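> Just the structure for this:
(2 chains)
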Amino acid sequence: MIPTIPQPRLVTTAYKAYVALFFVFLALPLIVVAAFAFNDSQFPSLPWEGFTWNWFFGSERPMIGAFHERSILRAIGTSVFVAFCVSALSMVVGLSNAFLFNRYKFRGQSILYVFMLLPLVIPGIVLGISILVSSSRLANGLWDGFQWDVEALRPGLWLVILGQFSFITTIATLVIGARLQKFDKTLEEAALNLGAGRLTAIRTVTLPYLAPAMIGAFVVAFLMSFENFNTTLMLVGSDAPLTIAMFDRLKEGSTPLLNAVSLLLMLGSSLLALVMIAFQKKG
Amino acid sequence: MHREAKLGLILLLTPFLLWLSLLIVIPHIDLLLVSLRERVGVGQYEISLGNYLTFFTEPLYIVTFLRTAVMSIFATILTLLIGFPVAYYIAKMAKGRTQSALFLLCLVPFWVSELVRTFGWMILLRETGIISNLLQSVGLASGPVEMLYNDAAIMVGLVYTSMLFMVVPLITTLESLSDEVVEAGYDLGGSGFSVLREIIIPHAMPGIVSGSIVVFMLCLGNYLTPTMLGGKESLWFTELIYSQFIVRFNWELGAAFGFLLLILSSVIVWGMLRLTGQSLEKTMG
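Take a look at the predicted model:
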C-alpha cells in the first residue's frame, strides 16, 4: 500500500483512523499526568476540584508545591549531578571508542566491537547487581588487606555513576561513530598536506565536524541517566536521584505533587530535545 | 608514522579496555562466582551449585521465571503488531512535513521518564481513575471498575514503554524501501497481502529484529511496570532479584537469579538472530 496506488476510500480512512488512535494512546498518559498537576485536591484522580497552582508554588501544608519541597529539590540536584558526570564520561570514552573502531584495523577488532555492543543486551538490573557485587568484593578486600575503608565502593552516588556510565558509553559510541563514518577523510588529508600535524588536523577539522554528534551524545546520555531506573535502583545509597525518590513516594500513595514534578520533567526534557534538534540542524 | 599510529591505537584502546573489563567483564565474572558459592558458616563459603538447585526445586521461582519470559515475548509480539502499521504509515504514506512531525510525535513520550509514563497509566486505570469514571458516566459500568493490578495492565504498560524502540528501527528500515519495488510487486499481479509478505516484511527484517531484541530486553529487565501496575499475584523475575539482594540480603541466590536472567535473555536474543540470519553488529551497530 503506497500513495501512488489507489486504494478503496474505506481502507485509507480506516488506516488513518488507526494511526490517529495510536497517537491518542501515546499521548493519553502524559496528558492526564500533566492535567492533574493542577487539581485542587489531595489525590491525582477525579473528581476535579478546581484549578490551582499550589502543587508548584504552594508553601503551606497540606499543599507543599514542587518548588518548596526540599527532598524533591535535593533529588533533582542529585540527578543533575549524576547525569552531568555520566554524560561527560560517556562522551569522552564514546569519542575515543568511535575513533578506535573507525580509524584502526587490528586483530580481534570485530570481537571487541561485539563486546562493545553487549551492554545493550544485558538487562539493566543485572548490570546493577554485577557492579554492586564486584565493588563490594573490592571494598571488602581493601578492608581485610589494608584496613582501608573506601566509601566510594559502597552503594551511593559514585556507584550509580559507574553503573549508568557502563551502558550509556555504548550509546555515545554509536551516536558519535555514526557521524565519524560519514566523515570525508580527504578533508583531514588536505589539512595534513597543508602542513598540519596529525593532532592539529583532528582538532581543527575532524572534531568540529563531530561536534553536533558529540553534543547529541551528551544530551542523549544526560536524558538516559536522568530517567534511568533499573541500574540506579540496585546501586543507590542514601541520597536518591529523582526517579528513585519519586518511586518511593509513589509506593506510599501519590499526591498531585508528583504530577507537578512530572510536568516539570516533561518541560525540561522537551527543552533539551529542542536544543539538540537545533544543534543537529546546524551540523 | 608507523610508530605514531601504534601509539594512537594504544591510547585509544586503553580507555576502551578499562571500561570493558572493569565495568562489564569483571563484574559479571564476580556475579557468576558469587552465584556459585554457598554460605556454610559465618564468613565461610563453599563452591556449590546449591543456589541453582534452590531455583529448580522451588516452583514459585520457576513459574515466575517462565511467566516473565512468556509475557515478555508476548509483549514484544504485541508491540510489533501495533507498531508496524504506524511505522509503515510514517515511513511510506506520510510525506514531507507531516512525516517529520509524526516521527517527532512518536519520540516525545519517551523523553520523559518511565516512572512518569507508568504513573500516567495508574491514573487512567485505577478504581478512581479516568477510564473507570468514564465507563460509569456512559453507563457501561454500575460501580467503580478496578483495571489496575493485573496482567493486562502490565501488558499495556510494557507495550507503551517499549513502543519507541520498535517504531524507530522499523521506520528507518522501511524508509529505505523504494516505492518502485512496491509498485513492481503490484504490477506483477501481487495482492496487498502478498506484497506485504514477499516484499515489505523481508525488507524490514533488520528493523524488525533489532526492534524486537531491544523491546524484549526492556520487558524482561523491567522492574517498574510490573511492580506498579501488577498485582500481588503477578510477580516479575526482576522483583525476585531485587528482593533477594535488597530485602533478604541473600546475594548468593540473587546473583544466581541474575545470571539465569542473563542466560535467558542471551539465549532468546541469539535464537532470534539465528532464526532470521542477522548478526548483532548489523542490527545494533
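> contacting residues for the residue most central in space within chain A?
In chain A, the centroid-proximal residue (C-alpha atoms, centre = their mean) is A:Met224; its distance is 1.2 Å. Going by C-beta atoms under 8 Å, 6 or more residues apart in numbering or on different chains, A:Met224 touches A:164, A:168, A:171. Just so you know, the C-beta spots here come from the backbone N, C-alpha and C atoms, and that holds for glycine as well.
> Tell me how many other residues surround the second one.
If you count neighbours by other C-beta atoms under 10 Å in any protein chain shown, A:Ile168 ends up with 28.
> can you pull the contacts of A:Phe23?
B:102, B:105.
> All the helices of chain A, residue numbers only.
Taking DSSP state H as the criterion, chain A contains helices spanning A:9-35, A:54-57, A:70-103, A:109-117, A:124-146, A:157-182, A:185-193, A:198-201, A:207-227, A:230-235, A:242-252, A:256-282.
> Output those helices in TSV, with mean pLDDT appended to each entry.
Supplementary listing: the helices of chain A in TSV, determined by pLDDT from 0 to 100:
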stretch	mean pLDDT
helix A:9-35	88
helix A:54-57	69
helix A:70-103	90
helix A:109-117	88
helix A:124-146	89
helix A:157-182	90
helix A:185-193	84
helix A:198-201	81
helix A:207-227	87
helix A:230-235	90
helix A:242-252	86
helix A:256-282	80
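> Determine which stretch of those is the most buried.
helix A:230-235 (a mean of 25; mean count of other C-beta atoms under 10 Å in any protein chain shown).
> can you pull the buried residues of stretch B:151-167?
B:151, B:153-167 (16 or more other C-beta atoms under 10 Å in any protein chain shown).
> So which of those are in helices?
B:151, B:153-167.
> Next, give phi and psi for B:Tyr45.
The phi/psi pair for B:Tyr45 (degrees, to the nearest 10) reads phi -130, psi 160.
> Could you pull up the contacting residues of the nearest residue in space to it that is not next to it in sequence?
Spatial nearest neighbour of B:Tyr45, excluding adjacent residues (C-beta to C-beta, 6 or more residues apart in numbering or on different chains): B:Arg37 at 4.3 Å. By C-beta under 8 Å, 6+ apart, the residues touching B:Arg37 are B:45-48, B:252.
> Over to A:Glu69?
Contacts of A:Glu69 (C-beta under 8 Å, 6+ apart): A:Leu257.
> wait, A:Arg154 sits on A:Asn140?
No: assessed by C-beta atoms under 8 Å, A:Arg154 is found out of contact with A:Asn140, at 10.2 Å.
> these two touch, right, A:Thr255 and A:Asn39?
No: counting by C-beta under 8 Å, A:Thr255 stays clear of A:Asn39, with 9.9 Å between them.
> Compare those two and say which is more crowded by neighbours.
Counted by other C-beta under 10 Å, A:Thr255 and A:Asn39 do not tie: A:Asn39 has more neighbours, with 22 against 19.
> tell me, which of the ones in helices among the buried residues of stretch B:151-167 make contact with chain A?
Counting by C-beta under 8 Å from any C-beta of the partner chain, B:160, B:163 from those sit close to chain A.
> can you name the two of the ones in helices among the buried residues of stretch B:151-167 that are farthest apart?
Farthest pair in those (C-beta to C-beta) is B:Asp151 and B:Val167. Separation: 23.8 Å.
> Burial check on the single nearest residue of the stretch 101-250 of chain A relative to chain B, number of neighbours?
Closest residue of the stretch 101-250 of chain A to chain B, C-beta to the nearest C-beta: A:Pro123 (2.8 Å). Number of residues near A:Pro123 (other C-beta under 10 Å) recorded here: 25.
> Show me chain A divided up by domain.
In terms of domains, chain A is parsed into A:1-68+A:253-267, A:76-241 (source: automatic domain parsing).
> Just give me how far the longest one sits from the chain centre.
Going by C-alpha atoms, centre = their mean, to the nearest Å, the spacing between the C-alpha centre of domain A:76-241 and its chain's C-alpha centre is 12 Å.
> what do you get for the first one?
In this view, domain A:1-68+A:253-267 has its centroid 22 Å away from the chain centroid, taken as C-alpha atoms, centre = their mean.
> can you tell me how far the residue of the stretch 151-285 of chain B at minimum distance from chain A sits from B:Glu114?
With C-beta to the nearest C-beta, the shortest gap between the stretch 151-285 of chain B and chain A falls at B:Gly221, namely 2.8 Å. Per C-beta to C-beta, to the nearest Å, B:Gly221 is found 12 Å from B:Glu114.
> More neighbours: those two, which one.
Set side by side, B:Gly221 and B:Glu114 show more neighbours around B:Gly221, with 26 against 22, by other C-beta under 10 Å.
> who's in contact with that one?
Taking C-beta under 8 Å, 6+ apart, one finds A:123-126, A:230, B:238, B:261, B:265 in contact with B:Gly221.
> Backbone torsions only: list them for it.
phi -90, psi 10.
> Per-residue pLDDT of it, please?
Model confidence at B:Gly221, expressed as pLDDT, equals 88.
> That one: what's its closest spatial neighbour, skipping adjacent residues?
A:Pro123 (2.8 Å).
> B:Val40 belongs to a helix?
No: the assignment for B:Val40, made by DSSP: H, G, I helix; E, B strand; the rest coil, is strand rather than a helix.
> one step back: turn the contacts of B:Gly221 into a markdown table, including distance to B:Glu4.
Shown next, in a markdown table, are the contacts of B:Gly221 (distance: C-beta to C-beta, whole Å):
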| residue | distance to B:Glu4 |
| --- | --- |
| A:Pro123 | 42 |
| A:Gly124 | 40 |
| A:Ile125 | 44 |
| A:Val126 | 41 |
| A:Asn230 | 43 |
| B:Thr238 | 48 |
| B:Leu261 | 45 |
| B:Ser265 | 42 |
